[in-house]
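Asker: Compute the structure for the input listed below.
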Amino acid sequence: MPRFPLIFAMLAAMLVLELAPQGWGMQVAAAWADDHDDDDDDDDDAQPRRRPAPQQAPRVRAPAPPPAFAANEILVRGLAQPDIEALRAQGFQPLRRATLSSGETLIRLRKPRHMTMAEARAAVRARETGGSADFNHFYRPEQGPACRGIDCPARQMIAWPAGTASCGTAPRIGMVDTGINASHPVFADSRLHVHRIGEGRNVDPSGQIHGTSVAALLVGQADSRSPGLVPGAELIAVDAFHLAGKDERADAFDLIEALDYLGAAKVGIINLSLAGPHNAALARQVRLLDGAGIVMVAAAGNGGPGAKPAYPAAYEPVIAVTAVDRREQVYRRAGRGKHIDFAAPGVDIWTAASVSGARTKTGTSFAAPFVTAAAALLMQSQPGIAPDMLRVRLQAAARDLGSKGHDDVFGHGLVIPANPCMAVAAP
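Answerer: Alright, predicted model coming up:
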């Protein structure tokens with residue numbers, strides 16, 4: 001090749017680089033480098049590689065809500081044998097039967113596969129004696145999240161009277177709850193009796209945390225670390241709960257059996273620190289107990305201000321209790337509604353732990369015993385008082401909170417107990 005053309009070509013290239021904008025050579029090098037990466041694909045038409053999108057953190061799914069009722073089961077009271085046989089012919093299968101103290105039968109039926117739950121309930125209700133049929137609903141302890149803190153001045157907040165055991169005779173108190181650690185030191189001298197529903201059934205027993213705490217609030221030994229509100233009272237506690245995985249619950253069948261047991265035991269008042277949906281068979285049991293003159297007190301529930309009314313608190317004969325803190329502010333998770341009757345301390349409440357010792361607890365579960373105990377003191381000072389009159393007396397003594405008069409948040413206000421010793425001493 002002649003030397004002059006080669007020299008001219010080199011000079012021309014140098015001139016181009018000299019005249020090019022600063023950094024142009026670097027841009028060409030970079031473009032080459034990218035193009036070289038694409039060559040690895042052995043595809044002349046391949047598009048430049050894109051950077052992978054940044055990985056997003058996996059979404060954490062909220063846990064599924066626990067079931068509201070037992071799958072495939074219908075509960076009915078007073079179903080006559082001919083109707084049972086007719087339902088058998090339709091594919092229903094009796095699972096369990098109990099005879100209540102009144103002589104009325106309570107039966108659980110497994111529905112046919114081809115029927116929905118609503119269809120199965122309607123089919124049973126269509127029978128002459130099946131009008132009370134309903135789902136076998138679940139009820140759960142109304143315990144809020146564990147709280148941290150030291151002993152809370154709940155008693156001083158409502159001027160709870162001390163030393164009332166010697167002034168009259170306290171009524172026999174009943175409660176339906178989870179299991180109870182009856183050997184806890186707090187119950188050393190207490191008149192506590194524990195009865196378990198369905199003993200021997202193939203279910204995991206309930207825990208003892210919730211029931212122990214509620215029972216200790218009522219009848220804990222007076223000189224223990226967790227003294228009860230009415231330590232001298234006799235308490236008949238019925239464990240109607242069981243564990244299904246991590247879900248601690250009582251179905252309507254067992255809850256009705258528990259209430260029937262307490263009615264037969266002649267209790268004067270029943271504490272129900274639990275909540276669930278409306279159930280026709282349960283509603284009938286509540287009416288029967290009310291007709292027998294038994295006072296029922298229940299937790300309003302911890303579903304929050306927008307939740308539907310919780311039962312049994314929302315049944316008319318039952319006294320529904322919400323929870324407030326030491327500033328008399330309503331517990332943020334407490335249920336609300338026209339059925340709320342009273343407020344009581346229920347935030348940072350000092351009570352027994354399940355194994356030994358004590359700790360603070362929060363929830364409408366722990367407010368209900370304050371009203372149960374206040375009712376017990378009133379019954380102690382006025383034996384034979386009718387449930388309607390007892391409610392009137394509690395309303396008259398309550399300290400109004402929130403809007404003037406009864407409201408959906410605090411009911412008639414903060415419960416203020418009567419002192420039976422003062423009542424006895426009065427002329």
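Asker: Just give me the neighbour total for residue 276.
Answerer: Neighbours of residue 276 under the rule other C-beta atoms under 10 Å: 23. Just so you know, the C-beta spots here come from the backbone N, C-alpha and C atoms, and that holds for glycine as well.
Asker: again with residue 66
Answerer: So residue 66, with other C-beta under 10 Å, has 13 neighbours.
Asker: next one: the one 4 residues further on
Answerer: The tally of other residues near residue 70 (other C-beta under 10 Å) stands at 21.
Asker: And for residue 401?
Answerer: Close neighbours of residue 401, defined as other C-beta under 10 Å, add up to 20.
Asker: Same check on residue 382?
Answerer: 16.
Asker: Kindly list the main-chain dihedrals of it?
Answerer: Backbone torsions of residue 382, given as degrees, to the nearest 10, read phi -130, psi 70.
Asker: Poorly predicted segments of this protein, please.
Answerer: Along the chain, segments meeting pLDDT under 70 span 1-63, 142-153, 423-427.
Asker: quick check: domain ranges of it?
Answerer: For the chain, the structural domains run 69-132, 140-425, going by automatic domain parsing.
Asker: Deepest-packed of those, please.
Answerer: Comparing the domains of the chain by mean neighbour count (mean count of other C-beta atoms under 10 Å), domain 140-425 ranks first with a mean of 21.
Asker: So which residues of the stretch 151-300 of the chain form strands?
Answerer: 173-177, 191-196, 204-205, 234-239, 242-244, 247-251, 269-272, 274-275, 295-299 (DSSP state E, counting those that start in this stretch).
Asker: TSV please, covering those and showing distance to residue 140.
Answerer: Converted to TSV, these look like this (distance: least, C-beta to C-beta, whole Å):
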stretch	distance to residue 140
strand 173-177	11
strand 191-196	18
strand 204-205	15
strand 234-239	14
strand 242-244	11
strand 247-251	5
strand 269-272	12
strand 274-275	6
strand 295-299	10
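Asker: Quick one: closest of the ones you listed to residue 358.
Answerer: The closest of those to residue 358 is strand 191-196. By C-beta to C-beta, the value is 16.5 Å.
Asker: mind listing what residue 235 touches?
Answerer: Contact analysis of residue 235 by C-beta atoms under 8 Å, 6 or more residues apart in numbering lists 172, 173, 174, 175, 190, 191, 192, 193, 215, 218, 219.
Asker: cool, and residue 114?
Answerer: residue 91.
Asker: Ok, which of the strands of the stretch 151-300 of the chain comes nearest residue 118?
Answerer: For residue 118, the closest of the strands of the stretch 151-300 of the chain is strand 247-251, at 18.4 Å, according to C-beta to C-beta.
Asker: Any chance you could list what contacts that closest one?
Answerer: Under C-beta under 8 Å, 6+ apart, the answer for strand 247-251 is 66-67, 69-70, 136-141, 176, 178, 206-207, 210, 240-242, 258, 274.
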